[in-house]
Every structure is written in structure tokens, then in C-alpha cells.
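Chemist: sequence first, then the predicted structure, then my questions.
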Amino acid sequence: MAEFTERKRWLFLGLPFTFTQYYVKENMITIDSGLLKKVENDCYMYKVQDVELVTSFAERLVGIGTVVCYTGDTTHPKLVLSHIRHAKEVKNFILEASEQARMKRRTLNTLNIGAEVDDMDDDE
């Protein structure tokens, strides 16, 4: 069972002087942020629909990246893990774990492609 704990880093030299920490576990992603006002946000792994890795030139220089998770979660449809080390490994882990979680729960992902029921009735 793999698990990642990463801290959001400054783009300047990749230093971890922020108050945001990411926990990526087999069944859940948790973002814990804030110093005076703490906010903890969770997303179940089976709700992750797609994962994207974004690395700017400055991020590549200091060895960090940003992982963007597109989810079916109502509070965070776009979950961003900003400026983390081992970004490619985290992205691959999330992809595999989300697929396994969907298989365990027998969950089907569907996308709204813009087809409206009323449009079909107009043809009659």
C-alpha cells in the first residue's frame, strides 16, 4: 500500500515554507491548509475522473510539479496539488488508485456531452 505526503512548496528553490499539506492515500486525497484558519478537504479516490501533470519551466528547474485532478466531487471539481515533489509518481499513483477504487465500488463514470432530452423531442 503506497501513500504520499507532500507539502506545497514555494516556486523559489522549491522550499516547503507553506501551510498546505497533501495526503494521497489508496482511497482518499486530503488537502490540509491554513495556519490560523485550518481547512481540511477530502475527495474519495473513486470520484477522480482524470489526472493532469503540469510543470512550468521554473518548476522543472527546481524539481517540482503541479498535479490537477478532475473529480466528480461537488466541493472541489478541480483538485490542485500545487508545487509538489515527485509529481509524476503522485499523478501515476492517483490514476491507478482511482481506477482500482472505481472497480472495487463498481462505479461507472459518465460525462455530459451536451445532449439534451428536449433536443430529441423537437425532431418529431
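Modeler: On my side now, so go ahead. Numbering: from 1, shown residues only.
Chemist: burial count for G72?
Modeler: Using other C-beta atoms under 10 Å, G72 has 15 other residues around it. For glycine as for every other residue, the C-beta is placed from the backbone atoms N, C-alpha and C.
Chemist: mind checking the end-to-end distance for stretch 72-91?
Modeler: Criterion C-alpha to C-alpha, to the nearest Å; first-to-last residue distance in stretch 72-91 is 17 Å.
Chemist: which SSE is the residue nearest to I31 when sequence neighbours are not counted in?
Modeler: The shortest distance from I31 to any non-neighbouring residue, by C-beta to C-beta, 6 or more residues apart in numbering, is to N41 (4.7 Å). If you go by DSSP states H and E, N41 is part of strand 39-44.
Chemist: what's that strand packed up against?
Modeler: Other elements packing on strand 39-44 under the criterion 3 or more C-beta pairs under 8 Å, 6 or more residues apart in numbering; DSSP states H and E are strand 28-33.
Chemist: switch the cut-off to 10 Å
Modeler: When contacts are defined as 3 or more C-beta pairs under 10 Å, 6 or more residues apart in numbering; DSSP states H and E, strand 39-44 sits against strand 20-24, strand 28-33, strand 65-71, helix 87-105.
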